[in-house]
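Engineer: Sequence and predicted model, in that order:
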Amino acid sequence: MISSDELLKLLPFALDGTKLPLPGKTSGKVRDWYPLPDGKRLIVTTDRLSAFDRVLARVPYKGQVLNQLAAWWFDQTRDLIPTHLVSIPDPNAAIVTEVQPFPVEVIVRGYITGVTSTALWYRYSLGEREIYGHHFPEELRKNAALPEPIITPTTKGGATGHDERLSCAEVVDKGYLDAAAWAQIQSAALAIFERGQQVAKEAGLILVDTKYEFGRAPDGTVMLIDEVHTPDSSRFWKADTYAARFAAGEEPENFDKEFVRMAYAKKGYRGDGDIPTMPDDLWVAASQRYIAIYEMLTGQAFAPGAYPVEPRLIENLRVANIIND
């Protein structure tokens, strides 16, 4: 794993970032997209970190971890559902099939946790027992395992980042998806989550909950898209400390983006008002957790590419005649 000193030296690059000199760019919170010929798309995963619906900073090597870990997970789930991944031409980038995303994101939860107003634990703590179409038993404790994983779908957020939380029945009743597609997606999501929990357990981790996105290819195939079981899309806890912390009523040891959120929450920030300045050590610690997740899950040492990588990536794609100015 990269040392703290090495990561600290990289922080100026990570905080300044670079811009890709290519037309057609579309930017999301943590990645940039470029159209390619023949119905393909280039996705560049950046080091931007978004929490509380606002980009707070950049974490060294985060983009490379997310890109390569998602590609690894696509391989692990290939027998469950097709994916949009075509190739990985660079540590920071993927070429994917152009797919029409479905308007619903699938959230699968294995534990009752969370502190925001839409989280299962927050609503349960207020006395609700029917949440998003699911019945929850009495006397659950915060961060406890649910009797079985559940799906709580949500619409894809717009510019404000505010999503509509749905029950599974509402996905069809409100016309977001037809019954056949929704049944296929639910089945695939639960199977992928079960696979993820198995792999995480073998790695000494707990896959707590996750978000999946699906879409339809031009030929009608339903595909798994975006990223899978990364520290940005999923919540991971350390398995060897979970039981003792749970028994003591303490928060689990986060190995995901929640680590950063909790650091801001301790300073009283939850998405509103001025963003507090955080020490460089926070971004080093966050990067180390991202890299550790990659190494624990894949069993491979993280081997970073050149940093920052974006200009070299674009030049490589031009030389290979994959893109043109």
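Structural biologist: Now that the structure is in, tell me what you want to look at. Numbering: from 1, shown residues only.

Engineer: show me where pLDDT drops low in this protein?
Structural biologist: Judged against pLDDT under 70, the low-scoring parts of the chain cover residues 12-23, 157-162, 307-325.

Engineer: May I ask you to name the longest helix in it?
Structural biologist: helix 179-202 (DSSP state H).

Engineer: So what touches that helix?
Structural biologist: Residues lying outside helix 179-202 but in contact with it, judged by C-beta atoms under 8 Å, 6 or more residues apart in numbering, are 73, 76-77, 80-81, 102, 106, 108, 110, 149, 151, 168, 171-172, 177, 206-207, 210, 212, 214, 216, 222, 224, 228-229, 234, 236, 239, 297. Every residue, glycine included, has its C-beta placed from N, CA and C.

Engineer: how about the helices in the stretch 1-150 of the chain?
Structural biologist: Listed in chain order, the helices found in the stretch 1-150 of the chain under DSSP state H, counting those that start in this stretch are 4-16, 62-76, 120-125.

Engineer: can you give me the strands in the stretch 201-325 of the chain?
Structural biologist: Using DSSP state E, counting those that start in this stretch, the strands of the stretch 201-325 of the chain run over 205-216, 222-225, 234-238.

Engineer: List the contacts of residue 107.
Structural biologist: Residues near residue 107 by C-beta under 8 Å, 6+ apart: 151, 152, 153, 154, 209, 210, 211, 212.

Engineer: now with 7 Å?
Structural biologist: Taking C-beta atoms under 7 Å, 6 or more residues apart in numbering as the criterion, residue 107 is in contact with 151, 152, 153, 154, 209, 211.

Engineer: what's the answer for residue 228, then?
Structural biologist: Contacts for residue 228 were tallied using C-beta under 7 Å, 6+ apart; they are 70, 73, 74, 77, 212.

Engineer: quick one: the residue lying closest to the first one once chain neighbours are set aside and residue 268, what's the gap?
Structural biologist: The shortest distance from residue 70 to any non-neighbouring residue, by C-beta to C-beta, 6 or more residues apart in numbering, is to residue 227 (3.8 Å). Residue 227 sits 30 Å away from residue 268, going by C-beta to C-beta, to the nearest Å.

Engineer: ok, the two, which is more surrounded?
Structural biologist: Neighbours of residue 227 and residue 268, each counted by other C-beta atoms under 10 Å, are more numerous for residue 227; the result is 24 against 8.

Engineer: thinking again about what came up before, ok, now how distant is the residue nearest to residue 70 from residue 74?
Structural biologist: The value you get for residue 227 to residue 74, if C-beta to C-beta is used, is 9 Å.

Engineer: cool, and residue 141?
Structural biologist: Taking C-beta to C-beta as the measure, residue 141 and residue 74 are separated by 35 Å.

Engineer: Which one's more surrounded, those two?
Structural biologist: Here residue 141 and residue 74 are set side by side on neighbour count (other C-beta under 10 Å), and the busier one is residue 74, at 22 against 11.

Engineer: Tell me the bridge partners for the residue lying closest to the more buried one once chain neighbours are set aside.
Structural biologist: The spatially closest residue to residue 74, leaving aside those adjacent along the chain, is residue 83, at 4.4 Å (C-beta to C-beta, 6+ apart). On the basis of DSSP bridges, residue 83 takes part in beta bridges with residue 224.

Engineer: residues touching residue 83, list them.
Structural biologist: Under the criterion of C-beta under 7 Å, 6+ apart, the contact list for residue 83 reads 74, 223, 224.

Engineer: so can I have a markdown table of those showing distance to residue 122?
Structural biologist: Listed next are the contacts of residue 83 as a markdown table, based on distance: C-beta to C-beta, whole Å:
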| residue | distance to residue 122 |
| --- | --- |
| 74 | 33 |
| 223 | 33 |
| 224 | 29 |
